[in-house]
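J.: for reference, the sequence and a predicted model appear below.
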Amino acid sequence: MIQIDDTLVSLDLLECKFICDLGACKGECCVEGDSGAPLEEEEEEELEKVLPVIWDDLSPEAQQIIKLQGVAYIDSDGDLVTSIVGEKNCVFTCYDENGTCHCAIEKVYRQGKTDFYKPISCHLYPVRITQYPTYRGVNYDRWTICKVAELLGRKENVPVYKFLKEPLIRKFGEEWYRELVKVAEEWESQRKTP
């Protein structure tokens, strides 16, 4: 583990390789799982604000769930998460003509229709943040559906922390990320030293 400010960062972020391969996995991380995507409290309000912009991209089932319970709920672990359809799909999923799952929020963000990218837990995936009383754990979450991303990451030699530069800066700031890069470079040079 590496300590940066109030975070303990798993060495997996430096050592493991990862590049999302959406063409191969079809966005399965937005579909599979025990509950919706973890949310920070202020994100529920952001999701409410973006609803009118994305409403027509959502499935009728997702629209019905949102009408009944809202954009989020408290899951069995007591965490605030995005609402889901049929114990699977996040309500904010939409599909392209190839059957690939996309985030409706990210889609409108890229079109310049909102300034909210998507929930930070989604942007950071496969990294998960766990809040403890005095620190935050920053861990790489291994999942079989992301095996193709690990293979592509190894092929291109891109560590998790480099692949996730933008969301890590969004969450922790530029200075924190610069410190992570510095530690990663030191770690890599030590590993190469015989």
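T.: That came through, no problem. Numbering: from 1, shown residues only.
J.: show me what the worst-scoring helix or strand of the chain on mean pLDDT is in contact with.
T.: In the chain, no helix or strand scores lower on mean pLDDT, DSSP states H and E than helix 22-25, which sits at a mean of 78. Applying C-beta atoms under 8 Å, 6 or more residues apart in numbering, the external contacts of helix 22-25 come out as 100, 145-146, 148-149, 152. Any C-beta I mention is one placed from the backbone N, CA and C, and that applies to glycine too.
J.: which neighbouring elements make contact with the longest helix seen in the chain?
T.: For the chain, the longest helix by residue count, based on DSSP state H, is helix 174-192. With contacts taken as 3 or more C-beta pairs under 8 Å, 6 or more residues apart in numbering; DSSP states H and E, helix 174-192 sits against strand 2-4, helix 12-15, helix 160-163, helix 165-172.
J.: tell me how many other residues surround the closest residue to residue 101 other than its chain neighbours.
T.: Spatial nearest neighbour of residue 101, excluding adjacent residues (C-beta to C-beta, 6 or more residues apart in numbering): residue 27 at 3.1 Å. By the measure other C-beta atoms under 10 Å, the count of residues near residue 27 is 20.
J.: brilliant, that's me finished.
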